[in-house]
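In: coordinates for the following, if possible.
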Amino acid sequence: MPVDFDVIYDEATVARLDRFDRQPRPRRAVAPPPPGWRRTAVTGGLLTGLAFGFRDLLDPRPETEVVEEIDVDAPPCDDRPVRFVMVDGVPPASRIILRPWLAST
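Out: Now for the predicted structure:
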């Protein structure tokens, strides 16, 4: 059962509602996305990966071996603010001891 607006609203409000319905709302122009931007982005990503793959294939980076030199006969340096205690073969057991009160200011 439709309700008559004249019964609910006064004449001024009904006139505003009628005027509002008659005036078309301006539409905002939405710019379309650039043509093919997704395709060019995917193509660029694939070509970059391909170029890095060829670089690694044709000119591999040399693997340098890390050499650690430890002086076992040296006396312990207990007067330093930072001390590294390395446990050979068990890296999680290695420790760094920080003593900031020994640092010179």
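In: low-confidence bits of this protein, can you list those?
Out: 1-3, 5-6, 20-25, 76-77, 105 (pLDDT under 70).
In: go through the protein and flag its longest helix.
Out: Longest helix in the chain by number of residues (criterion: DSSP state H): helix 37-58.
In: what's the first helix or strand after that helix?
Out: Later in the chain than helix 37-58, the nearest helix or strand by DSSP states H and E is strand 82-85.
In: so how far is that following strand off the chain centroid?
Out: The chain centre lies 34 Å from the centre of strand 82-85; the measure is C-alpha atoms, centre = their mean, to the nearest Å.
In: what lines up beside it in the sheet?
Out: Strand 82-85 has the following strand partners under DSSP bridges: strand 95-98 (antiparallel).
In: pull out the buried residues from the longest helix of the chain.
Out: Buried residues in helix 37-58, counted by 16 or more other C-beta atoms under 10 Å: none are found. All C-beta spots, glycine's among them, are computed from the backbone N, C-alpha and C.
In: what helices or strands is that helix leaning on?
Out: Counting contacts by 3 or more C-beta pairs under 8 Å, 6 or more residues apart in numbering; DSSP states H and E, helix 37-58 is packed against no other helix or strand.
In: okay, that helix in CSV with CA atoms only?
Out: The C-alpha trace of helix 37-58 is given here as CSV (Å, rounded to 0.1, in the frame of the first residue of the first chain):
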residue,chain,number,x,y,z
TRP,A,37,49.3,-1.6,-18.7
ARG,A,38,48.8,-4.9,-17.0
ARG,A,39,50.2,-6.7,-20.0
THR,A,40,53.3,-4.5,-20.2
ALA,A,41,53.9,-4.9,-16.4
VAL,A,42,53.8,-8.7,-16.6
THR,A,43,55.9,-8.7,-19.7
GLY,A,44,58.5,-6.4,-18.0
GLY,A,45,58.6,-8.7,-15.0
LEU,A,46,59.1,-11.8,-17.1
LEU,A,47,61.8,-10.2,-19.2
THR,A,48,63.6,-9.0,-16.0
GLY,A,49,63.6,-12.5,-14.6
LEU,A,50,64.8,-13.9,-17.8
ALA,A,51,67.7,-11.4,-18.0
PHE,A,52,68.8,-12.2,-14.4
GLY,A,53,68.6,-16.0,-15.2
PHE,A,54,70.8,-15.5,-18.2
ARG,A,55,73.2,-13.4,-16.3
ASP,A,56,73.6,-16.1,-13.6
LEU,A,57,74.0,-18.8,-16.4
LEU,A,58,76.6,-16.9,-18.5
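In: fine by me, thanks again.
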